[in-house]
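S.K.: Here's my sequence, what's the structure:
(4 chains)
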Protein chains: 2
Amino acid sequence: MLLPRNTSSILALRTHVQQFTPLTDAEWQGLEPHLREMTLGRKQLFAEEGKRANLVGFVLQGSLRQFYTRDGDEKTTYFYFENNLVADYISCLTKQPGLLTLETLEETRLLVFNYDVLERLCGEFPAWNTFARKIAEYIAIGLEMRLVEHLMYSPEERYNLLIKSNKTRILERIPQQYIASYLGMTPVSLSRIRNRLARSA
Amino acid sequence: MLLPRNTSSILALRTHVQQFTPLTDAEWQGLEPHLREMTLGRKQLFAEEGKRANLVGFVLQGSLRQFYTRDGDEKTTYFYFENNLVADYISCLTKQPGLLTLETLEETRLLVFNYDVLERLCGEFPAWNTFARKIAEYIAIGLEMRLVEHLMYSPEERYNLLIKSNKTRILERIPQQYIASYLGMTPVSLSRIRNRLARSA
DNA sequence: TGTGGCTCTTTACAAATGTTAAGAAATGTG
DNA sequence: CACATTTCTTAACATTTGTAAAGAGCCACA
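M.R.: Now for the predicted structure:
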């Protein structure tokens, strides 16, 4: 479902982009005409396993989860909330069919554009190229930290790290089964760990 | 230990860089004057935990491992071989003290340059900015796949995936205790898994 | 507001990995 | 080439997590 564009939404995205690198009005105008609003109901798909992704979204309201499927079993690996960009980044980069699915957790409103527009802007404007570089660097740092957490800490320690982190949105808004998956354990195991912690506290 | 520069080494690096994006001679000359050769003996450090990193290396000969330390316990998370770039990427990007250590596994010869040179080139030449972007994207893709492997597969399955992968250099050249760490398990556990596999084969 | 479905917890049991320690094997170094 | 060191294997035991199943609690939606 596509809606007309909204000025304050567009400003929110521009502000987000400019947290990575400054943009002149002219540079911004390279992207703005390609933006459109989209609203998805609960449990609808923003990207689907097996399909080549070319859509980037900026979450205005709502949330999504990212999961990989194996033998019909879903492994949730990431969550997206307001004021963040969401995409099957790997499929956009490689132009290969995606391995993951992006599903809304609630009714979600997004500002969207096609990844190939950004790719074209990277060739036309150094500023957009720098933005794309900074985004990639930001993603790489996040992934490295997350991988290290898995290599260095036990499931119970990872849950404690999540509690002490500033990712409270995850704990507040995400069903526990998905948090368990995100932390690399089963829902049963997370329930046990929570029980242990509650008793000792 | 620094040695005079060597033409074929420099060509090897240029070839590697150009696998990410094409460069004119003029663009390449932005980097070349800043290259120098370095040779490290076995078990010497290329980057050290707690120190801010600013060095990028291109491995000409030899290999390194990357590890994080926790309570005196080392967790090896990555290996670097010939014809690959090595750096404490996060420390270079964030300009914060590094969390990891890079140690040679054998006598290693590298071509090195300072990261801030590359950063400057990103501002001067769009081609170098694109190179930095492609590198970041390449790293992000690798990290995402590695994280997913940990979230979706058991230690034994991860060992099987490593065997079936094209990362044979790891299995051939890396001590098993480090491979175990890389796979997120103890050396004892890896030895057991190998034993099980050998019996069933 | 009631009802069906989804989510979380709890239990018992199975399976895998972690821990510790000792010995065998391999490797690096003088 | 031989010794010292490091690495790998094996074993026994402890701990943790996974699995399956049942019930309680909560939420969404009609």
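S.K.: Contact distance from DNA strand C - what residues of chain A qualify?
M.R.: Counting by CB under 7 Å from any atom of the strand, the positions of chain A adjacent to DNA strand C are A:175-177, A:187-188, A:190-192, A:194-195. Just so you know, the C-beta spots here come from the backbone N, C-alpha and C atoms, and that holds for glycine as well.
S.K.: if you set the cut-off to 10 Å instead, what comes out?
M.R.: Listed as neighbours of DNA strand C in chain A under the rule CB under 10 Å from any atom of the strand: A:43, A:105, A:151, A:154, A:174-181, A:186-196, A:198-199.
S.K.: Which part of chain A gets nearest to DNA strand D, residue-wise?
M.R.: Of all residues in chain A, A:S189 sits closest to DNA strand D, at 3.0 Å by CB to the nearest atom of the strand.
S.K.: and the helix or strand where A:V17 lies, what other elements does it pack with?
M.R.: Taking DSSP states H and E as the definition, one finds A:V17 inside helix A:7-18. Packing partners of helix A:7-18 (3 or more CB pairs under 8 Å, 6 or more residues apart in numbering or on different chains; DSSP states H and E): strand A:55-61, strand A:108-114.
S.K.: contacts for that helix?
M.R.: A:23, A:28, A:32, A:35, A:37, A:58, A:60, A:83-85, A:111, A:131 (CB atoms under 8 Å, 6 or more residues apart in numbering or on different chains).
S.K.: Name the next helix or strand following it along the chain.
M.R.: The first helix or strand that comes after helix A:7-18 along the chain, using DSSP H and E, is helix A:25-31.
S.K.: Could you identify the helix or strand that succeeds that following helix?
M.R.: Next element after helix A:25-31 (DSSP H and E): strand A:36-40.
S.K.: Turn the contacts of helix A:7-18 into a markdown table, including neighbour count, distance to B:A12 and pLDDT.
M.R.: Below are these laid out as a markdown table (neighbours: other CB atoms under 10 Å in any protein chain shown; distance: CB to CB, whole Å; pLDDT from 0 to 100):
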| residue | neighbour count | distance to B:A12 | pLDDT |
| --- | --- | --- | --- |
| A:L23 | 19 | 37 | 98 |
| A:W28 | 17 | 41 | 97 |
| A:E32 | 13 | 44 | 97 |
| A:L35 | 17 | 44 | 97 |
| A:E37 | 18 | 49 | 95 |
| A:F58 | 25 | 41 | 98 |
| A:L60 | 19 | 48 | 95 |
| A:N83 | 14 | 44 | 95 |
| A:N84 | 13 | 40 | 96 |
| A:L85 | 18 | 36 | 98 |
| A:L111 | 21 | 44 | 97 |
| A:F131 | 24 | 31 | 98 |
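S.K.: Strand A:55-61 and the longest helix anywhere in chain A, what's the angle between them?
M.R.: Across chain A, the helix with the greatest residue count (assigned by DSSP state H) is helix A:126-152. Inter-element angle recorded for helix A:126-152 and strand A:55-61: 80 degrees (by axes from the mean of the first three to the mean of the last three CA atoms, to 10 degrees).
S.K.: and helix A:126-152, which residues are buried?
M.R.: Going by neighbour count (16 or more other CB atoms under 10 Å in any protein chain shown), the buried part of helix A:126-152 is A:126-141, A:143-144, A:146-152.
S.K.: other SSEs contacting it?
M.R.: Short answer (3+ CB pairs under 8 Å, 6+ apart): helix A:126-152 packs on helix A:25-31, helix A:115-124, helix A:155-164, strand B:64-70, strand B:73-80, helix B:89-94, helix B:126-152.
S.K.: strand partners of the fourth one, parallel vs antiparallel please.
M.R.: Meaning strand B:64-70. With DSSP bridges as the test, strand B:64-70 is paired with strand B:73-80 (antiparallel), strand B:100-104 (antiparallel).
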